[in-house]
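# Next input, structure requested:
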Amino acid sequence: MGHKFRVVVRRYFPTIDFHRVGKGTDTLVSLRDSLNTRMLQAITPHLNITYELHEAWDGEWGALGSDGNWSGLVGTLQHQKADFSTTITPTAPRLLVMEHIRIYASDPFIIISAKPRPLAPSQALITPFTGEFKS
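Numbers count the residues shown, from 1 in each chain. I've put the predicted structure just below:
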């Protein structure tokens, strides 16, 4: 129908990455290869839509101010200066004022352990055996 969607983004590699095309508070950006770039490139031909990407005016994610206005990505959406955003983490305050269409998350949880060390000489006698020993 001729509407070009306005998407507000904030750099969060590897989920989304871009470089600035212009300067100022309404910065147009161009995507670099990232997860959201690939998703946008995959779905836009099927939905027959076009879009332009802009960085949030203050470069922030979005926090609620004392006056009831939001900053960052959330504020850009609140003031209808964008149609949607690609990456906004749902928080309790945001869930009260926004609808998240689809949530996907990466888990930064990593298990770290020490490298195996040689066994103590006192364990050399029992190491070849399995099971439980009783004294």
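# residue boundaries of the helices in the protein?
All helices of the chain, identified by DSSP state H, fall at 35-47, 72-78, 92-97.
# thought residue 13 was touching residue 34?
Yes: proximity of residue 13 to residue 34 meets the contact threshold set by Cβ atoms under 8 Å, at 6.5 Å. In this view, the C-beta of every residue, glycine as well, is placed from N, C-alpha and C.
# quick one: low-confidence parts of this structure?
Along the chain, segments meeting pLDDT under 70 span 1, 24-26, 103-109, 129-131, 133-135.
# where do the strands sit along it?
Ranges of strands within the chain are 4-9, 18-20, 28-31, 50-55, 84-85, based on DSSP state E.
# could you say what helices and strands the shortest one packs with?
Secondary structure elements in contact with strand 84-85, counted by 3 or more Cβ pairs under 8 Å, 6 or more residues apart in numbering; DSSP states H and E, are strand 4-9, helix 72-78.
# switch to 7 Å and redo it
Judged by 3 or more Cβ pairs under 7 Å, 6 or more residues apart in numbering; DSSP states H and E, the packing partners of strand 84-85 are strand 4-9.
# how far out from the middle of the chain is the strand it packs on?
Strand 4-9 sits 16 Å away from the centroid of its parent chain (Cα atoms, centre = their mean, to the nearest Å).
# Determine the set of other helices and strands touching that strand.
Strand 4-9 packs on strand 50-55, helix 72-78, strand 84-85, going by 3+ Cβ pairs under 7 Å, 6+ apart.
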